[in-house]
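Asker: Sequence first, then the predicted structure, then my questions.
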Amino acid sequence: MHSPPETRSGSRVTRGCDSVLMPDDYFGERMRNRQRLLWTVATRRQLERWEPIVARAVLEGFVRRQLSGSEIWSAQIEHHFALVAAGNLIDALELPPPMRIPIDPTLRAELIDGRNLHEHWREHLPVFNVSPRPEEPTLSGKSFAVRNPETNPFWWLRWNPKAGARLMPQASAPQLHELLDAIEAEVLGEDAALREYVPPRAPSPWLYENGEWWPKAADALTAPQRP
């Protein structure tokens, strides 16, 4: 006679439409800190690859020029993976017990929906990239549309001087950098041995003056290259 399978205790984590049972004994303090710092580093790295392209697009717009097609493709690629990393970071922050750092609820929702929309582009591009929309969006698209009824989530060169570069209509790069700095500080405060895994930061492509974000001179904008 076979004995019943062992049942492991765990905590159920809900994110979007998914609900996952996480074993209580796997994500201990060290593993939680590792995952939180890993996705902090990954998100910052993607921002450092994407933001210089946005800054160059702004500079080109000042002289009524556009980026090349290959640069626009690069912006889309780096933007996509920035959202993937940020979405995974939200997952890591919500491992039980959740991190104490407060996250603006709109920023959290925009990052979660942004990751889902871009990962499931096959379903959502035909809805959002056509005007008027041929059908009502579903799932993450529906919650995004409630917050942003007139806005398309599929644009990777979004910027204005007050918000700076924006990953999503209501999720700016400066907001995300501030969150990343806070997470990094808290994780390293709990586990200083992880500091060796934090790479040097790339120079910012932006100047912040009088409450506004403007691109630096063109000769200062060189996007980090992929290995």
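Answerer: Sure thing, it's come through. Residues are numbered from 1 along each chain as shown.
Asker: use CA for all of it now, contacts and neighbours both
Answerer: Fine.
Asker: OK, contacts around the residue lying closest to residue 215 once chain neighbours are set aside?
Answerer: Among residues not flanking residue 215 along the chain, residue 206 sits closest, at 4.5 Å (Cα to Cα, 6 or more residues apart in numbering). Counting by Cα atoms under 8 Å, 6 or more residues apart in numbering, residue 206 touches 55, 213, 214, 215, 216.
Asker: can you tell me which of those are in strands?
Answerer: Judged by DSSP state E, strands contain the following of the contacts of residue 206: 213, 214, 215.
Asker: from those, which is closest to residue 65?
Answerer: Of all these, residue 215 has the smallest distance to residue 65: 15.3 Å, by Cα to Cα.
Asker: Check the gap between the closest one and residue 52 for me.
Answerer: Note on residue 215: its distance to residue 52, by Cα to Cα, to the nearest Å, is 8 Å.
Asker: Mind listing the shared neighbours of these two?
Answerer: Counting by Cα under 8 Å, 6+ apart, the residues touching both residue 215 and residue 52 are residue 205.
Asker: quick one on the thing from earlier: what would the contacts of residue 206 look like in TSV with distance to residue 107?
Answerer: Rendered in TSV, the data for the contacts of residue 206 read as follows (distance: Cα to Cα, whole Å):
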residue	distance to residue 107
55	22
213	19
214	22
215	23
216	26
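Asker: what are the phi and psi angles of the residue nearest to residue 215?
Answerer: phi -120, psi 150 (degrees, to the nearest 10).
Asker: residues contacting residue 37?
Answerer: Residue 37 neighbours (Cα under 8 Å, 6+ apart): 183, 184, 187.
Asker: Mind doing that once more with 6 Å?
Answerer: By Cα atoms under 6 Å, 6 or more residues apart in numbering, residue 37 lies in contact with nothing.
Asker: Give me the distance from the helix or strand encompassing it to the chain's centre.
Answerer: Take DSSP states H and E as the rule and residue 37 turns out to sit in helix 29-62. Offset of helix 29-62 from its chain centre (Cα atoms, centre = their mean, to the nearest Å): 8 Å.
Asker: same deal with stretch 160-178?
Answerer: The answer for stretch 160-178 is 11 Å, by Cα atoms, centre = their mean.
Asker: Can you list the buried residues in it?
Answerer: Going by neighbour count (16 or more other Cα atoms under 10 Å), the buried part of stretch 160-178 is 163-173, 175-176.
Asker: which one among those gets closest to residue 31?
Answerer: residue 176 (22.7 Å).
Asker: Look up how far residue 191 lies from the closest one.
Answerer: 22 Å.
Asker: Same check on residue 47?
Answerer: On the measure of Cα to Cα, residue 47 and residue 191 end up 25 Å apart.
Asker: Which one of the two is surrounded by more residues?
Answerer: residue 47 (26 against 14; other Cα atoms under 10 Å).
Asker: Regarding the residue nearest to the more buried one when sequence neighbours are not counted, which helix or strand does it belong to?
Answerer: Among residues not flanking residue 47 along the chain, residue 82 sits closest, at 6.2 Å (Cα to Cα, 6+ apart). Element membership for residue 82 (DSSP H and E) is helix 69-93.
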